[in-house]
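Peer 1: Provided below for reference: sequence and predicted model.
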Amino acid sequence: MTPESPAHAAPPWLTELAGKAARMTVPPLLRPPATGNGRPSAVLMLVGETAGQADLLIVQRSPWLRRHAGQPAFPGGAIEADDAGPVGAALREAAEEAGVDPAGVDVLAVLPDLHISRSGFTVTPVLAWWRQPAPVVPAADGEVTAAVRVRFADLADPANRIRVRHPMGSSGPAFRLPGMFIWGFTAALVDRLLAIGGFERPWDTGQIEDLPPEVFNPAAAS
């Protein structure tokens, strides 16, 4: 958590990144199917700065949830009728899950839709600048157990980057950080953001590890 910071406009590098992200090519495994796109949902990729260092807001979901239990994720969820689209849904979920005040957030881009085959959701990522950040607070209902701001520099550090093999056979990027293991859909999005924004540093993409059982099934491990 960080103390409230003064408001200021999005930095030029982030505005440029937002323009590129809005036109990004969707990886084949995340492309929505031609028919039956699944339930529409949205996530907020909220970029801020702490002591001059760019960071991303990540929440840790409860190990007891029915979907994506125990996973680090961007704040988000299903688009409801009152949301008026993905931007409204992403801001509402960030407020509910991490105490983010939408009045202090500037939406910069809506990214192409992505599909999570495991849950059947089609997700619209919303990229935003945290113009006036405030301390983050995990949801009181227990859906989220932690909300943290993770530095881009730590995500891009080759020492923290690996590839993991999912029990169902697919593999993808992951980030091993103190107290947090980011994988799956969220890791794929972070991976794209680092590449598009020019943060990516050379790392070993050839070595693939099995996904730790306690990460894939956190409720059983607790």
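Peer 2: Yes, it's here.
Peer 1: helices of this protein, residue ranges please.
Peer 2: 12-22, 86-98, 152-156, 184-197, 213-216, 218-221 (DSSP state H).
Peer 1: those: lowest mean pLDDT?
Peer 2: With a mean of 47, helix 218-221 has the lowest mean pLDDT of these.
Peer 1: burial count for the residue nearest to residue 175 when sequence neighbours are not counted?
Peer 2: Nearest in space to residue 175, with sequence neighbours left out and distances taken as C-beta to C-beta, 6 or more residues apart in numbering, is residue 182 at 4.2 Å. For every residue, glycine as well, the C-beta is placed using N, CA and C. Look at residue 182: counted by other C-beta atoms under 10 Å, it has 25 neighbours.
Peer 1: check the gap between residue 182 and residue 191 for me.
Peer 2: 10 Å (C-beta to C-beta, to the nearest Å).
Peer 1: could you do residue 204 as well?
Peer 2: Taking C-beta to C-beta, one finds residue 204 at 14 Å from residue 191.
Peer 1: ok so, going back, which neighbours do residue 182 and residue 191 have in common?
Peer 2: When contacts are counted by C-beta atoms under 8 Å, 6 or more residues apart in numbering, the set common to residue 182 and residue 191 is empty.
Peer 1: if we can go back for a sec, let me have the helices of the chain in a markdown table, extended by distance to residue 144 and mean neighbour count.
Peer 2: Listed next are the helices of the chain as a markdown table, based on distance: least, C-beta to C-beta, whole Å; neighbours: other C-beta atoms under 10 Å:
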| stretch | distance to residue 144 | mean neighbour count |
| --- | --- | --- |
| helix 12-22 | 24 | 16 |
| helix 86-98 | 5 | 23 |
| helix 152-156 | 20 | 18 |
| helix 184-197 | 13 | 21 |
| helix 213-216 | 17 | 15 |
| helix 218-221 | 14 | 14 |
